[in-house]
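Asks: take a look and give me a structure for this.
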Amino acid sequence: MNTDTTADPAADDARLTLAEVERIARTAHEGQTDKAGRPYAEHLAAVAAGVRERGGTEEQQAAAWLHDAVEDAALSSRWLESAALPDEVKAMVLAVTKRPGEPVEEYAARILATPGALLVKEADLAHNADPARLAVLDGATRDRLAAKYAGVRALLGLTGAP
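Replies: Below you'll find the predicted structure:
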C-alpha cells in the first residue's frame, strides 16, 4: 500500500496488504449486523468498493474496510495504533470515527482536515443513504437517518446525490 519510493523496502514487506486488512475487518465485525439485519461486512465491502469506484487509493480502501472498527469497538484504538498500516490509513480511520458526545460540526471538521478521509466518508454516507438499504427500515428510522446523512453531507460540502 505504501507508494513512497523513498521508503525502506523491508518496511513495505511488514505492512498489511489490502486483502489482509479486508480479512481483519471481516473477522472483527463477524456476527454484527446493520440496522436492516444484514451482515455488517456487506457495508464495509460496499464502502471499500465505493472508495475504489471514486478513484481512491489503496490506503483509502484500507481505511474504508476499517472505518467503523474503532467506533463499533470491533477493534481497539490500541490495535489500530500498533497495526502494520501506513500512518495515513490510521489517520483516516480515526478521522471518520465518531466519538461519543462529539458535536457533528467537530466531526466534520476533523474529516475535512485529514487528507483522504473525505472520500472514505463520502462512500460511507452514499451506502448508508442508499434508498434500497433505507427502504427496509421503518418510516421513522428511515426519515431520521436520511436527515442525519443529509446533514453530514452538507457539513462536508458534498453536494448532489450520494
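Asks: residues contacting residue 41?
Replies: 25, 26, 29, 30 (Cβ atoms under 8 Å, 6 or more residues apart in numbering). Where C-beta positions appear, they are placed from N, C-alpha and C, glycine not excepted.
Asks: just the buried ones from those residues, in ChimeraX syntax?
Replies: Under the burial definition 16 or more other Cβ atoms under 10 Å, those of the contacts of residue 41 that qualify are selected in ChimeraX by:
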select :25,29
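Asks: from the contacts of residue 41, which is closest to residue 147?
Replies: residue 29 (25.9 Å; Cβ to Cβ).
Asks: what's near enough to touch that closest one?
Replies: When contacts are counted by Cβ under 8 Å, 6+ apart, residue 29 is found next to 40, 41, 44, 68, 69, 72, 74.
Asks: spatially nearest residue to it (excluding sequence neighbours)?
Replies: Leaving aside its chain neighbours, residue 29 sits nearest to residue 40 (4.4 Å; criterion: Cβ to Cβ, 6 or more residues apart in numbering).
Asks: hang on, isn't that neighbour packed against residue 27?
Replies: No - Residue 40 sits out of contact with residue 27 when judged by Cβ atoms under 8 Å, with a separation of 11.6 Å.
Asks: of the contacts of residue 41, which belong to strands?
Replies: For the contacts of residue 41, not one is inside strands, with DSSP state E as the criterion.
Asks: quick one: which of the contacts of residue 41 sit in helices?
Replies: 25, 26 (DSSP state H).
Asks: excluding sequence neighbours, find me the nearest residue to residue 16.
Replies: residue 84 (5.0 Å).
Asks: I'd say that neighbour and residue 24 touch.
Replies: No - Residue 84 lies out of contact with residue 24 (Cβ under 8 Å); the separation is 10.6 Å.
Asks: which one of the two has more residues nearby?
Replies: residue 24 (20 against 12; other Cβ atoms under 10 Å).
Asks: who touches that one in this structure?
Replies: Neighbours of residue 24 in contact, by Cβ under 8 Å, 6+ apart: 16, 65, 66, 75.
Asks: which among the residues you listed gets closest to residue 108?
Replies: residue 66 (19.7 Å).
Asks: next, give phi and psi for the closest one.
Replies: The phi and psi values for residue 66, taken as degrees, to the nearest 10, are phi -100, psi 0.
Asks: neighbours of it, just the number please.
Replies: Residue 66: 31 neighbours (other Cβ under 10 Å).
Asks: excluding chain neighbours, what is closest to it?
Replies: residue 93 (4.9 Å).
Asks: which elements pack onto the longest helix that the chain contains?
Replies: Using DSSP H, we find that the single longest helix of the chain is helix 139-155. Judged by 3 or more Cβ pairs under 8 Å, 6 or more residues apart in numbering; DSSP states H and E, helix 139-155 is in contact with helix 104-113, helix 117-128, helix 131-135.
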